[in-house]
Structure formats: C-alpha cells, structure tokens
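1. Can you look at this prediction? I've put the sequence above it.
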Amino acid sequence: MMLSTAIKKIALNTTNASAPVSIIYGVVLQSQPLQIQVDQRFTLSEAFLIVPESLMRKELDLTTGEVTWGSASSGSSGSSDSNEGTGKKAILQEGLQSGDQVILLRVQGGQSYLVLDKVVSV
C-alpha cells in the first residue's frame, strides 16, 4: 500500500510541474489591508499577493505636481480639481477596492499569487 501511495504522489507532482501556473478568480474582500477571497474557499492576505503597478493607487499632488504611487488599495477619500494652496491631490488611478473581481495567477506550489487584472463586465 505504501508503494502505491508513493507512486501516486510522484505522478501528481510530475503533473503539477508541467503546469507551473493556474488561473483563478477572486473577489477583493477589503482594500486596507488587501484581502482577496478565492472561490469562497479561502482568503489571501497581502503576504501571499503580488500586485502590479497597474493596480496601484496613483495620485497627483496639485500643488507640487508630484505623482505618488500608493498601495493597491484606496487610502484617501476622493479627488480634488483645485490646485490652490493646501496640498490637494487628484486621483489619477484608483487601486483595488472592496467588491472588485480579479484574475489571479497561482504560482506553482500556491505560495504566491499574482493579481493579473480586474474583471469588468461589458
């Protein structure tokens, strides 16, 4: 019995090695700190997620003209279109927000997940 179990395990590992990534879908549960629920089975925290720059929050300081990249989640409230005075910021790009559906690539072994992009309806 132990030999057959070992053979099954080797065969399974060989199959998994031939497919180094898996495509899965998830929903952002909360944006600060970032948590994504996958297929209502488990929740991924920021420690397991790789978030690309394209999904990061991008702000423009209207007084200095400086562009800053924030976290993947939205941290401040709203944008401003006035550049007079007090460090107002315009949001150029929102980060991931609660309720967003995302496409994830599970790296072999499931120790990290790349957030590929948001899913939008047409």
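-> Nice, I can see it.

2. who's in contact with residue 26?
-> Residue 26 is in contact with 36-39, 44, 101-102, 104, counting by Cβ atoms under 8 Å, 6 or more residues apart in numbering. The C-beta positions use only the backbone N, C-alpha and C, and glycine is treated the same way.

3. Quick one, which of those are buried?
-> 36, 38, 44, 102, 104 (16 or more other Cβ atoms under 10 Å).

4. Just give me the closest of these to residue 111.
-> Nearest to residue 111 among the buried ones among the contacts of residue 26: residue 44, at 10.9 Å, using Cβ to Cβ.

5. Need the nearest residue in space to the closest one, chain neighbours excluded.
-> Once flanking residues are discounted, residue 44 sits nearest to residue 36: 4.8 Å by Cβ to Cβ, 6 or more residues apart in numbering.

6. Which of the helices or strands spans the residue nearest to residue 66 when sequence neighbours are not counted?
-> Spatial nearest neighbour of residue 66, chain neighbours left out: residue 60 (7.5 Å); criterion: Cβ to Cβ, 6+ apart. Using DSSP states H and E, residue 60 maps to strand 58-61.

7. Which positions in the longest strand along the chain come out as buried?
-> Secondary structure assigned by DSSP state E gives strand 21-31 as the longest strand of the chain. Residues 24, 26-28, 31 are the ones in strand 21-31 that count as buried (16+ other Cβ under 10 Å).

8. Would you reformat those residues as JSON lines and include pLDDT and distance to residue 92?
-> Formatted as JSON lines, the buried residues of strand 21-31 follow (pLDDT from 0 to 100; distance: Cβ to Cβ, whole Å):
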{"residue": "24", "pLDDT": "92", "distance to residue 92": "29"}
{"residue": "26", "pLDDT": "96", "distance to residue 92": "25"}
{"residue": "27", "pLDDT": "96", "distance to residue 92": "25"}
{"residue": "28", "pLDDT": "95", "distance to residue 92": "20"}
{"residue": "31", "pLDDT": "86", "distance to residue 92": "17"}
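
9. related to what we said a few turns ago, tell me the contacts of the residue nearest to residue 66?
-> Counting by Cβ under 8 Å, 6+ apart, residue 60 has contacts 66-68, 89-90, 92.

10. I appreciate the help and will end here.
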